[in-house]
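Undergrad: quick check, what structure comes out for this input:
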Amino acid sequence: MVDFVGVLRTHLDYGIWANRKMMDAAVTLTEQELTRDFGTADKSVAGTLAHIFGGDRAWLARFENTPRATFLDPEERTLAALQREWPIVQAGWTRWAAAITEESAMTPISYVDFRGNPWTQPAWQIVLHVVNHGTQHRGQISGFLRAMGHVPPAIDLHVYHRSINAL
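TA: The predicted model follows:
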């Protein structure tokens, strides 16, 4: 039998691990590479990392019943801001995951999105969305890195599983 709560915790841990690996890759880039516009919604490596961070933080704030008025503030779109603020958000997700139970995973979370629409979803669906959202955008960043001649970090879920199984 699969441990549902363990799966959610593992996926959150994976997202944190993969985001850190992508940030480690980002710090090796020049400012021009970080901000190069690839014509996507978030434009650049820095912009896309900021978007992942914004999503991680917005969802955590909704879980903590402290919703934000804005997704991202302009000054948060820098690598320095992400290096300072993202570990705080990641620690919040780790604390949340440590306390999760099967019952709390099923608990409906009601929130209002940034367009003012009210929604209610079970916590587990939101957790999987947070992880999937990060995966989607890290894939974009991997493409950006390749387009600039860099090798992106190996951040596939099976690579994460292998890394924790080797411990």
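
Undergrad: which sections of the protein are below the confidence cut-off?
TA: Residue ranges of the chain with pLDDT under 70: 167.

Undergrad: tell me the helix or strand right after the longest helix belonging to the chain.
TA: Among the segments of the chain that qualify as a helix by DSSP state H, the longest is helix 123-147. Moving toward the C-terminus from helix 123-147, the next helix or strand (DSSP states H and E) is helix 157-165.

Undergrad: ok, Ala123 to Ala81 distance?
TA: 28 Å (Cβ to Cβ, to the nearest Å). The way it works is simple: take the backbone N, C-alpha and C, and place the C-beta from them, glycine included.

Undergrad: looking at these two, which one has more neighbours?
TA: Ala123 (20 against 17; other Cβ atoms under 10 Å).

Undergrad: right, and the more buried one touches Thr107 too?
TA: Yes. Here Ala123 lies in contact with Thr107, judged by Cβ atoms under 8 Å, at a distance of 5.3 Å.

Undergrad: how about Met106, what does it touch?
TA: Counting by Cβ atoms under 8 Å, 6 or more residues apart in numbering, Met106 touches Pro122, Ala123, Trp124.

Undergrad: now do it against Arg95, distance only.
TA: Relative to Arg95, and taking Cβ to Cβ, Met106 is found at 19 Å.

Undergrad: also Gln136?
TA: Taken as Cβ to Cβ, the span from Gln136 to Arg95 is 25 Å.

Undergrad: likewise for Leu29?
TA: Taking Cβ to Cβ, one finds Leu29 at 31 Å from Arg95.

Undergrad: Tyr14 is in what secondary structure piece?
TA: Counting by DSSP H and E, Tyr14 is part of helix 4-26.
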